[in-house]
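Asks: Output the structure for:
(one chain, ligands or ions: 2)
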Amino acid sequence: MKNQITLTFPDNSTRTYPTGTTLLEVAESIGTRLAKDAVAAQINGKLTDLTEAIDIDADINIITGDSTEGHEVLLHSTAHLMAQAVKELFPNARVTIGPAIENRFYYDFDVENPFTDEDLVTIEEKMKELAQNDYPVKRKVFSKDEAIDLFKSMDENYKVEIIQEISPEEVLSAYQQDSFIDLCRGPHVPSTGRIKYFKILNSSGAYWRGDENNKMLQRIYGTVFNTKKELKEYLHMLEEAKKRDHRKLGKELELFAFDDEIGPGLPLWLPKGTIIIEELEKLAKETERKAGYQRVRTPHLTKGNLYEKSGHLKHYKESMYPAMDVDGIDYYVKPMNCPHHHKIYASVPRSYRDLPLRLAEYGTCYRYEKSGQLFGLMRVRSMQMNDAHIYCTKEQFKEEFLSVCQMYLTYFKIFGIDKYEMELCLHSSEGLGKKYVNEPELWIQTEQDVRKALDEGEINYTEKSGEAAFYGPKIDVQVWSTVGRKFTLATNQVDFAIPSLFGLNYTNERGEEATPLCIHRAPLGTHERFIGFLIEHYSADFPLWLAPVQVAILTVSEKVENYAKSVQSKLQNVDIRVDLDDRPDKIGAKIRLAELSKINVMLIIGEREAKENTVSVRRRFEGDIGSMNVDNLSSALVEEINQRRNTYRKEG
Ligand SMILES: [Zn+2]
Ligand SMILES: [Zn+2]
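Replies: Numbering: from 1, shown residues only. Ligands and ions are numbered 1, 2, ... in the order given. Presented below is the predicted three-dimensional model:
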């Protein structure tokens, strides 16, 4: 072994160290700030503990908690800290799993009683104490049998169950801080003192492995950040999101409902929610018609054979509802619309002149989600998808793909979505033939085309290797609501495998048979998820074109009833959605009620207005804007609606 090793840093500078120097010592040699904030490091790209000693020349990247990888290490380390605190306070608690999720972590415990709010405060206090003690966090490795013995001796039966499922060849690791030890792949912070800005958020019941037939565990959520400021901002965002919780607002404003007798995850759309759905469909249909799409409709039930062919029964069966026997044949409710659109493509002979063929449908699909996974409109079992499939030649692909991306951007503008991210998910060469169809050249070519399309369209994107769909590269689209919460809305996928599986073809210019490419796209995702997002995004203060009730007419006295009715019918005649409140209530009470219902435009009518053929206009967030002639008002509103103007204001 050499006495000296040479390490290369991200800025390409190099330094030499004695063999066996730990990464933490390396971090310290570079600078105190870096040493203080470091949570892990990468050796030749592989994430590892700072306590690791290095004995080879390598590329080194010291990771701090403000990077994506570093934040995950912090989150995970804090989950351990929380489990340690729970075990000290509740020695009978059994630990299960504690993963990091987007900006948060959770840990599931088997305890006799659910945690109370006071318990959570005590746990957080204990965590602070354990963090201040700055226990070193040590990695230990075990064989499968050793690990089973260890966790059996601690009575941690859930851990034993997890370990038993791991292949015997795998080396298992655990991390120990003080007397607390937890099974984990790591890496982790080198000592508990590096965990500073954390907060316990809430707790809830969660079934072991998300299965309602298993025991109910208690899940505690928490968060941690690299700085106090980031923690504060995140907690503020959560507060805002809570006020805008789509489940709460959806109920208050009578947009949708769930009913036990219908079943979990199966939303009922009330009249007001249905208006929003219809406005969204109108927008999508208009946009798609202009972009050359044709609309189709397909049944909800389909023979099992089709799903054998499409591969759904092989790869997707767990998310499908069980078969029903009809005349001795298995039928399924459809989990996706793709196979049906492929069949429409195949229903007539196609020539190159038919391409690109763009088939669109607001298709309703049914997917089985475990009941523990269901969440308001975000995770449901029935969904209506803004679906379309574009069949095109290889030459047409780039342009088609780009115009789909442009369509996403058009929608973002309409909905005032300022922050979004497109992530290009690519194949990995190791996965060819297993995770990915074995067409190495086609993969490289298509990925190159997608990249070119994105570059030419000046669309911002990041790349991620090994995340592609089975049949081609895809783009995951994430958007941020106005309060800064991230939502995964939609994907845009290229498919060069399924068309040949379905025997789809066309006659090319030379009279030969060729296979088309297929693009799967759903820019507005599903109505369920998109409306859930919009409720939070707009705080249910929908822009006028989307608002279920656009105008409320409020009468000051009974004397103006007839005039109020004439104003109502005038507005209704130009398709404005108007409610008339002519109850004998005080005008102040009527205004308050309309405000609670988040009505965008209020028209107040008293005797003066009736006499002058006007209305007093009051707009949400703007207050009184004076009296207006009814015809002028009506045409101004129609214009605002037709332009789908985004009247929403963040500070509401
Ligand atoms: Zn861990
Ligand atoms: Zn599809």
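
Asks: contacts, neighbours, all on C-alpha from now
Replies: Fine.

Asks: Point me to the residue of the stretch 101-250 of the chain nearest ligand 2.
Replies: Scanning the stretch 101-250 of the chain for the residue nearest ligand 2 gives Glu102, at 26.8 Å (criterion: CA to the ion).

Asks: What is the subsequent helix or strand relative to the helix or strand bottoming out on mean pLDDT in the chain?
Replies: Each helix and strand of the chain was given a mean pLDDT (mean pLDDT, DSSP states H and E); the minimum falls on helix 32-37 at a mean of 81. Following the chain from helix 32-37 toward its C-terminal end, the next helix or strand by DSSP states H and E is strand 38-43.

Asks: Show me what the mean pLDDT comes to for that next one.
Replies: This predicted structure assigns strand 38-43 an average pLDDT of 93.

Asks: Pairing partners for that strand, with directions?
Replies: Paired with strand 38-43 in the same sheet, following DSSP bridges, are strand 46-48 (antiparallel), strand 58-64 (antiparallel).

Asks: Most tightly packed of these?
Replies: Burial of the strands paired with strand 38-43 is given as mean neighbour count (mean count of other CA atoms under 10 Å); strand 58-64 ranks first at a mean of 21.

Asks: which of the residues in the least confident helix or strand of the chain are buried?
Replies: Taking 16 or more other CA atoms under 10 Å as the basis for neighbour counts, the residues of helix 32-37 that come out buried are 34-35, 37.

Asks: returning to what we had before: figure out which of the strands paired with strand 38-43 is closest to Met602.
Replies: Ranking the strands paired with strand 38-43 by their distance to Met602 (criterion: CA to CA) puts strand 58-64 first, at 52.6 Å.

Asks: How far off centre is the closest one?
Replies: 30 Å (CA atoms, centre = their mean, to the nearest Å).

Asks: Offset the numbering so it begins at 56, please.
Replies: Will do, 56 is the new start, and the previous item becomes strand 113-119.

Asks: Output that strand as PDB, nothing but the C-alphas.
Replies: Coordinates of the C-alpha atoms in strand 113-119 are reproduced here as PDB (Å, rounded to 0.1, in the frame of the first residue of the first chain):
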ATOM      1  CA  ALA A 113      -9.800   9.200  -5.700                       C
ATOM      2  CA  ASP A 114     -12.200  12.000  -6.700                       C
ATOM      3  CA  ILE A 115     -13.600  13.400  -3.500                       C
ATOM      4  CA  ASN A 116     -16.700  15.600  -3.100                       C
ATOM      5  CA  ILE A 117     -17.500  16.700   0.400                       C
ATOM      6  CA  ILE A 118     -21.300  16.900   0.800                       C
ATOM      7  CA  THR A 119     -23.000  19.500   3.000                       C
END
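
Asks: ok, back up a step: with distance to ligand 2 and mean pLDDT added, can I get the strands paired with strand 93-98 in CSV?
Replies: Rendered in CSV, the data for those read as follows (distance: least, CA to the ion, whole Å; pLDDT from 0 to 100):
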stretch, distance to ligand 2, mean pLDDT
strand 101-103, 35, 92
strand 113-119, 39, 93
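
Asks: Now tabulate those in TSV and tack on distance to Ile250.
Replies: Output for the strands paired with strand 93-98, formatted as TSV (distance: least, CA to CA, whole Å):
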stretch	distance to Ile250
strand 101-103	17
strand 113-119	12
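
Asks: and the protein, what are its domains?
Replies: Here the chain is described, according to automatic domain parsing, as comprising the domains 59-119, 124-293, 311-353+392-593, 606-697.

Asks: Let's have those domains in JSON lines, adding distance to Tyr376.
Replies: JSON lines is the format used below for those (distance: least, CA to CA, whole Å):
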{"stretch": "domain 59-119", "distance to Tyr376": "40"}
{"stretch": "domain 124-293", "distance to Tyr376": "16"}
{"stretch": "domain 311-353+392-593", "distance to Tyr376": "6"}
{"stretch": "domain 606-697", "distance to Tyr376": "38"}
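
Asks: can you pull the contacts of the residue in the stretch 406-555 of the chain positioned nearest to ligand 2?
Replies: Of all residues in the stretch 406-555 of the chain, the one sitting closest to ligand 2 is His444 (6.2 Å; CA to the ion). By CA atoms under 8 Å, 6 or more residues apart in numbering, the contact list for His444 reads 393, 396, 413-415, 573-576.

Asks: Residues of the protein that sit close to ligand 2?
Replies: Within the chain, the positions lying close to ligand 2 (CA under 5 Å from the ion) are 393, 575.

Asks: which SS state does the residue most central in space within the chain fall under?
Replies: Among the residues of the chain, the smallest C-alpha distance to the mean C-alpha position (CA atoms, centre = their mean) belongs to Thr543, namely 2.8 Å. Secondary structure state of Thr543, per DSSP: H, G, I helix; E, B strand; the rest coil, is strand.

Asks: name the element the closest residue to it other than its chain neighbours belongs to?
Replies: Of all residues not flanking Thr543 in the chain, Gln533 sits nearest, at 4.4 Å (CA to CA, 6 or more residues apart in numbering). Counting by DSSP H and E, the secondary-structure element that holds Gln533 is strand 529-535.

Asks: Next, the contact list for Lys653, please.
Replies: Shown here is Lys653, whose contacts under the criterion CA under 8 Å, 6+ apart are 595-596, 675.

Asks: same thing but 7 Å
Replies: For Lys653, the contact set (CA atoms under 7 Å, 6 or more residues apart in numbering) comprises Asp596.

Asks: Would you mind measuring from it to ligand 2?
Replies: Distance of Lys653 to ligand 2, computed by CA to the ion, to the nearest Å: 37 Å.

Asks: can you check Ala155 too?
Replies: Distance, Ala155 to ligand 2, by CA to the ion: 30 Å.

Asks: beta partners for that residue?
Replies: For Ala155, the beta-bridge assignment (DSSP bridges) gives partners Phe160.

Asks: same thing with Arg149?
Replies: Asp165.

Asks: need the helices for the stretch 506-655 of the chain, in chain order.
Replies: Using DSSP state H, counting those that start in this stretch, the helices of the stretch 506-655 of the chain run over residues 553-556, 582-593, 616-628, 642-651.

Asks: Quickly compare the ones you listed and say which is most buried.
Replies: For the helices of the stretch 506-655 of the chain, average neighbour numbers computed from mean count of other CA under 10 Å are highest in helix 582-593, which has a mean of 22.

Asks: That one: how far from the chain's middle?
Replies: For helix 582-593, the distance to the chain centre is 11 Å (CA atoms, centre = their mean).
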